[in-house]
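*Asks:* Okay, sequence plus prediction incoming.
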Amino acid sequence: MTLVSSPPPLRERIGGANLRARADALLAHRPRPGWFAAVREALDRPLTSYYLLLGASTLLLTIGLIMVLSASSVYSYRLNDGDSYAVVRRQLLWVLLGLPSAFAVSRMSVRWVRRLAYPAYLFSLALLVLTAFIGVTVNGNQNWLAVGPLSVQPSEVAKLGLVIWAAHVYANKDRRLDSLHSVMVPVVPGMLVAVGLVIVGDDLGTALVLFAILLGMLWVVGAPARFFTLCFSIVGVAALVMASLSSERLTRITTFIDPFKDYQDAGWQPAHGLFALSTGGLFGQGIGASQQKWGDLPEAHTDFIFAVLGEELGLAGTLLVIGLFLTIAFAAVRVARHTADPFVRYATFGVIVWLLGQMIINVGMVLALMPVIGIPLPLVSYGGSALLPSLVALGMLVGFARREPEAARALAARRRGRSSGLAAGRRG
C-alpha cells in the first residue's frame, strides 16, 4: 500500500512563503557598492557620451601642448637662435585655428556634413595628386605640399575626407549592404586610389593607416570574413615588396625587435625611445626634465613624443594618455550604437579606427613592438597638418553625441532652465 504524506499545516505554508518573499525583497533591494552604483548612474545619463568625448579630447590636447613645449624646447632653441618657444607657438596657432573649426563642425547638421562628402573626397584626391607630382620630400617621403610659406601634409586631410565620403556612400546604400557589390563599389576602388597616391610618395606608414580605415569601414558594414583574409594577405605581400625596395625601410623592419643590434644606425631612435621610457619609472622625472630630448632622441616632439612623455610623466602619464584615447573610443562606440542614422554610425567608426589605429601604431613604434614608420600620436604630437583634421573629426563626433535624442532633450531642458532663471532674475 502506498503512503501519501499529508501537506504541511496552513500556518507553516504561509510562514514559509512570507519568509521567501521577504528574502527575495531584501536581495532585490540590497544596496550595491557605492562606486559601482555611481559609475552605473553616471553612464546612464543622457549626456555621458558628450561629456566623455569633450573632456577626453580637451585633456589630450592640453597634455599635447605641454609635451610639445617640453619636448621641442631644446630643438627649437638650437634652430631658432635661442628661442625655445618657436615650435610650441606654431602648434598653439594650429590649436587656435582648429578649435573654432571643431566647434563649427559640431554645430553643423548631419545633412550639411553629408553634403560635403563628395567635395571633401575630390579635394583630398586633388591634394594627393599634386603631392605625388610636385610634393616636397621630407625624411625620404614625398608627402608634403608647399603652400606659400607653409608646408602641409595632404594625406592627413585625406583621412577625414575619405571617412566622410565612405560613410556617406554606405549610408545611401544601407538597405543594400547585403550585396558584396554594394559593399565594394565605389568605396573600395575610391579609397585604393588614395592609398596608391600615398604610396607613390613613398609614405608606407600613412598608406597603412588609410588601408586600416578602409578595413574598419568594411568590417562595420558587414563585409564577409574571407575578404579580410584576402586583404591581409595582399597587404602583407605588398608591404614586404615595398620594404625590399628601400634599404633603409628594410633595415628598420629587420631591427625593430632588437634595436640594440644596430644601435649606431637604424636602431638609434627606437633604442633611445626605450631609454626614455625606462628612466621614467612610475611617475616620471618631471615635466621638462627629459634627458633624451637633448639630442639623443630624433623627432622627440613629433613621432617619438610618447617616449618623452613616458620619461617625464612616467608609467602613470603614459597610461593616462592611452586611457584617454580608450575613453574617446568608448564614448564614440556608445554614440554609434545608440544612433538610428547610418551615416553617424559609419562615420563614427571610421574616425575611431583612424585615431585609435594611429595611437596603437605610434605607441607600438616607441615600445619597439612595430617598425618605425613615421606615424604621429594624434592630438599630442607636433604638427598642424595632423592636428587640424583630428580636431575637426572629434568636433564632428561631439556634434553626433549632442544630437542623440535623450542628449538633445537634456540640453534643451537645460537651456529652458537657464532662460527661466534669467527671466526670474530680471523680474526680481
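*Replies:* Structure received. Numbering: from 1, shown residues only.
*Asks:* what's Thr48 in contact with, if anything?
*Replies:* For Thr48, the set of contacting residues under the criterion of C-beta atoms under 8 Å, 6 or more residues apart in numbering consists of Ala42, Ala331, Arg334. (C-beta placed from N, C-alpha, C; glycine too.)
*Asks:* can you pull the buried residues of the helix ranked longest in the chain?
*Replies:* Counting residues, the longest helix found in the chain (DSSP state H) is helix 305-338. By neighbour count, and taking 16 or more other C-beta atoms under 10 Å as the criterion, the buried residues in helix 305-338 are 305-314, 317-318, 321, 324-325, 327-332, 334-336, 338.
*Asks:* same deal with stretch 382-389?
*Replies:* Within stretch 382-389, judged by 16+ other C-beta under 10 Å, the buried ones are Tyr382, Gly383, Gly384, Ser385, Ala386, Leu387, Leu388, Pro389.
*Asks:* residues making contact with that stretch?
*Replies:* In this structure, residues lying in contact with stretch 382-389 by C-beta under 8 Å, 6+ apart are 68, 71-72, 87, 90-91, 93-95, 97-98, 101, 152-154, 156-157, 159-160, 301-302, 305, 376, 378-379.
*Asks:* Just the ones in strands from the residues you listed, please.
*Replies:* Judged by DSSP state E, the subset of the contacts of stretch 382-389 located in strands is Val152.
*Asks:* Any quick PyMOL command for the buried ones out of the contacts of stretch 382-389?
*Replies:* Buried residues within the contacts of stretch 382-389, by 16+ other C-beta under 10 Å, are selected in PyMOL with:
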select buried, resi 68+71+72+87+90+91+94+95+98+152+153+154+156+157+159+160+301+302+305+376+378+379
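*Asks:* how near is the residue positioned nearest the centre of the chain to Tyr121?
*Replies:* By C-alpha atoms, centre = their mean, the mean C-alpha position of the chain lies nearest to Leu355, the distance being 2.3 Å. Separation of Leu355 from Tyr121 (C-beta to C-beta, to the nearest Å): 20 Å.
*Asks:* other SSEs contacting the biggest strand by length in the chain?
*Replies:* Identified as the longest strand of the chain according to DSSP E is strand 141-147. In terms of contact count using 3 or more C-beta pairs under 8 Å, 6 or more residues apart in numbering; DSSP states H and E, strand 141-147 is assigned the packing partners helix 117-134, strand 136-138, strand 150-152, helix 154-172.
*Asks:* again, 10 Å this time
*Replies:* helix 117-134, strand 136-138, strand 150-152, helix 154-172, helix 187-200, helix 204-220, helix 384-402 (3 or more C-beta pairs under 10 Å, 6 or more residues apart in numbering; DSSP states H and E).
*Asks:* what is the orientation angle of the fourth one with helix 204-220?
*Replies:* Just to be clear, that refers to helix 154-172. 10 degrees (axes from the mean of the first three to the mean of the last three C-alpha atoms, to 10 degrees).
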